Structures are given as structure tokens and as C-alpha cells.
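**Q** could you work out the structure for the sequence below:
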Amino acid sequence: MGHALVEEVVTHGRERRIYRCRRCKFTLRRDMPVTTTTRTYEHHGQLTRTREREYDEQEPVITCHCPPRAVGTGLANERVHYKTIKGTTNPDEKCGARCLASKGPTCDCSCGGENHGKSWT
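**A** So this is what the prediction gives:
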């Protein structure tokens, strides 16, 4: 007896990211469209959930403004990494310039991450 699919929910959204070069500190915000499929299975009376995330666009190649340090060290974009923005809505903390110009991935203001790092788009 296999797992029986009970429910499948497909949602379309976006994952907000902050890209940053570790050396020159070049920063860019990018929203990646994502489709999430959540499936609920039943097996011997127990429910199990699985979640798959599929990005609707190819991962962008982000290049910074600093040159490679030496010949053979690779391309400049190897130093650009991203972190997903984690937002917590805090109605007592007004969203402002500090949030809009942020270069880090954590937001703790009234926007809940919606405006976080938008100066870098």
C-alpha cells in the first residue's frame, strides 16, 4: 500500500534576496518569482507534508565592480552571494530609510521585509 495524495496546493510568490560582494560591498536586491507546491499524503492514518520550491526564472549572474585579485582567481561574480530576506512585521517600528538602504537580510519593522533593501534595486 502506497501513500495516498490527500491535497495539493500550488502557490505563486516571490523570494526577496539581497546580493552582496564580500570584497567591494556591491549590493543589489532582486525578487525571484517562485512556485511552491505543497502536497499532503496519508499513509496508515498519518498525514505527511512535502514542499517543493521551483524558481520561475534562471538564477541571475550578478557581477560586482571589483576586478579579480590575480590572474587565475576566477570571475568577479564569484564573490557575490545572496541571502534571503527574512521579514518580521513589527507595527511599533516605522519603516524608513534604515530599512530601504539595508544591506543585511533581516527586517524587523512595519513593512515585514516588503521594502527591505529597495534602494538597491
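**Q** since we're on residue 33, how many residues are nearby?
**A** Neighbour count for residue 33, taken as other C-beta atoms under 10 Å: 12. C-beta: built from backbone N, CA, C; applies to glycine.
**Q** quick one: the helices in this protein?
**A** 97-100 (DSSP state H).
**Q** for it, which segments count as strands?
**A** 4-21, 27-43, 46-55, 80-84, 86-87, 106-107 (DSSP state E).
**Q** mean pLDDT added to those strands, as a markdown table?
**A** Formatted as a markdown table, the strands of the chain follow (pLDDT from 0 to 100):
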| stretch | mean pLDDT |
| --- | --- |
| strand 4-21 | 91 |
| strand 27-43 | 92 |
| strand 46-55 | 92 |
| strand 80-84 | 85 |
| strand 86-87 | 90 |
| strand 106-107 | 92 |
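**Q** can you give the domain ranges for this protein?
**A** Domain ranges of the chain: 1-84, 85-121, per automatic domain parsing.
**Q** just to revisit the earlier point, let's have the strands of the chain in JSON lines, adding distance to residue 66.
**A** Formatted as JSON lines, these follow (distance: least, C-beta to C-beta, whole Å):
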{"stretch": "strand 4-21", "distance to residue 66": "6"}
{"stretch": "strand 27-43", "distance to residue 66": "13"}
{"stretch": "strand 46-55", "distance to residue 66": "27"}
{"stretch": "strand 80-84", "distance to residue 66": "10"}
{"stretch": "strand 86-87", "distance to residue 66": "27"}
{"stretch": "strand 106-107", "distance to residue 66": "25"}
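**Q** with that, I have no additional questions.
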